[in-house]
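> with the sequence up front, the predicted model follows.
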Amino acid sequence: MSIPLDDLIDREGNVYEMTCVAIREAELISSTSIKDDIEKNGDKVVSFVLSKALHDEIKFTKDDDNI
């Protein structure tokens with residue numbers, strides 16, 4: 001899976017917020033065994049997370065201290 005650049009460019013809304021959420025999700029996944037499952041499927045963690053973020057598949061709450 002490659003990074004969906006067209007989707008990133010066309011993204012509406014707060015791109016900074018989405019990026020912060022994606023970075024945090026990638027950090028969390030990288031520290032678990034889920035990373036191994038993603039890589040076994042030929043994907044990379046960042047591409048996987050960006051795709052999830054672009055499709056609003058990551059649930060989060062705003063925390064002023066972290067975003």
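Good, I have the coordinates. Numbers count the residues shown, from 1 in each chain.
> element containing the residue nearest to the spatial centre of the chain, please.
Nearest residue to the geometric centre of the chain (Cα atoms, centre = their mean): residue 49, 2.8 Å. According to DSSP states H and E, residue 49 maps onto helix 45-54.
> just how off-centre is the helix or strand of the chain with the lowest mean pLDDT within its chain?
Using mean pLDDT, DSSP states H and E, helix 5-10 stands out as the lowest-scoring helix or strand of the chain, at a mean of 78. Relative to the chain's own centre, helix 5-10 is displaced by 14 Å; criterion: Cα atoms, centre = their mean, to the nearest Å.
> for the chain, longest helix please?
Taking DSSP state H as the criterion, the chain has its longest helix at helix 15-30.
> list the helices and strands it packs on?
Here helix 15-30 touches helix 45-54, going by 3 or more Cβ pairs under 8 Å, 6 or more residues apart in numbering; DSSP states H and E. For the C-beta atoms, the positions are set from N, CA and C on the backbone; glycine is no exception.
> what's the average pLDDT for the helix it packs on?
Mean pLDDT, helix 45-54: 91.
> could you give me the buried positions within it?
45-46, 48-54 (16 or more other Cβ atoms under 10 Å).
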